[in-house]
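1. sequence first, then the predicted structure:
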Amino acid sequence: MNDTLPTHITPPSVDAYPFITAKFLATNIAIEHLGDTVWPSDTDDADFESAHFNSPGKIKIAQSGTLAGMHDSTFVGLFSILKLSYHNFTAITSKSDLSKLAARDYDLYTGEKFRADQLEAYVLYSLTVDVNIHWGQLANLYNAASPGQQQSISDYLKYFKNRSLVDLMSIPAPSFTIPDVIERRFLSKLESGQTYCFSDLKQTWMREDLFHNEFVIKSVLQDGRLGLVGSAPTLPIAIAKASLFAQTISPEREYIAIRMSVGGQRLAFAKIAAIKGHKSAVKLVWSISSVGDYCTMQRISVRGDSMKEAFAETLLDVEKELGLQWYKAQKLEDELGL
């Protein structure tokens, strides 16, 4: 972990948020554009928990001291971003909330000796954080804090989450060269210091980072491992990123498929197949018949087509702009019964 703290952290691109979150939550998903990184691993986190959070009485000064040194305002700011909750229903928004929760749970640990600050640190570790973290807001909170409170923010991640703030914020978004006709501008507005974008898909205003990461693309290897390829605000951009990624795949790596989800729901699936006559190239073979079978979000196209029809038409349009004919050839072969 990188322990050297900068005075300023550049807020990451919203396209990088899913990758930062994947590493923060240890989702055990490889980040494709960075390679098969092993940091962090489930084993690392299990060892970390066993060493530091086995019981309230085992809490060390690094953990209890971090909490004690964090100002109330920093606590409120940090956890309004991470959105702490107890068993996913009780929101913890202040140090007072945490103290009350720890006091309520005090009798659960009878027979063990510990201090109140140790119990509070133990409870803080056990709380659930939100999966939709606005990493730009965290960077802004850090940049506005005093050096001492910057240390507290960094120490929370280090001593409670086994993560490095600097390492997390340094994770970049993947680079995709998408034609301008596909990568379009979006209607946005600034409200209470936060940017919102209008979603044609949901017909509502969405927080900018959530909007840009509505669609998620993952790779699948033969052994079942998943890789995070990218995210997108619209179906055309999602298909474009999946197609561009497929063009970078080496046949030596045992990829078998691409998965696409929208709003956390499975939308589409494509097999990764070799291109006849090209030993070093693969293509995507989308299963149009199964598009949307596990998805309740119906507004995929404004043209009024069914979800399957809209996906197929969008796929043709995007591949044309990318100079590809994968689906066009697939469709012709299906019609000819080849």
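-> On my side now, so go ahead.

2. please save the CA atoms from stretch 329-338 in CSV.
-> Taking C-alpha atoms only, stretch 329-338 is exported to CSV below (Å, rounded to 0.1, in the frame of the first residue of the first chain):
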residue,chain,number,x,y,z
ALA,A,329,-22.8,-12.0,-41.0
GLN,A,330,-24.3,-13.9,-38.1
LYS,A,331,-27.8,-12.8,-39.1
LEU,A,332,-27.3,-13.8,-42.7
GLU,A,333,-25.9,-17.2,-41.7
ASP,A,334,-29.0,-17.8,-39.5
GLU,A,335,-31.3,-16.9,-42.3
LEU,A,336,-29.5,-19.3,-44.7
GLY,A,337,-29.4,-22.0,-42.0
LEU,A,338,-25.7,-22.2,-42.1
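
3. and it, average pLDDT?
-> In this model, stretch 329-338 has a mean pLDDT of 78.

4. what do you get for stretch 261-273?
-> If you average the pLDDT over stretch 261-273, you get 91.

5. repeat for stretch 10-27
-> 91.

6. give me the contact list for it.
-> For stretch 10-27, the surrounding residues in contact (Cβ atoms under 8 Å, 6 or more residues apart in numbering) are 29, 31, 34, 39-42, 45, 129, 131-136, 139-140, 161, 163, 168-169, 171-174, 208-209, 212-213, 216, 228, 230-231. (Each C-beta comes from the backbone N, C-alpha and C, glycine too.)

7. likewise stretch 267-277?
-> 215, 242, 246, 249, 251, 255-261, 281-287, 290-292, 294-295, 297, 300, 311.

8. ok, which stretches of the chain are helices?
-> For the chain, helices defined by DSSP state H occupy the ranges 17-24, 42-52, 61-69, 72-82, 95-104, 116-126, 135-144, 147-161, 165-169, 208-212, 235-246, 307-321, 326-336.

9. of those helices, flag the one that's most buried.
-> Of all the helices of the chain, helix 235-246 carries the top mean neighbour count, a mean of 24, counting by mean count of other Cβ atoms under 10 Å.

10. tell me where the model's unsure across the stretch 201-338 of the chain.
-> Along the stretch 201-338 of the chain, segments meeting pLDDT under 70 span 251-253, 277-280, 297-305, 338.

11. so residue 326 versus residue 281, what's the distance?
-> Note on residue 326: its distance to residue 281, by Cβ to Cβ, to the nearest Å, is 11 Å.

12. what is in contact with those two at once?
-> Going by Cβ under 8 Å, 6+ apart, no residue sits against residue 326 while also sitting against residue 281.
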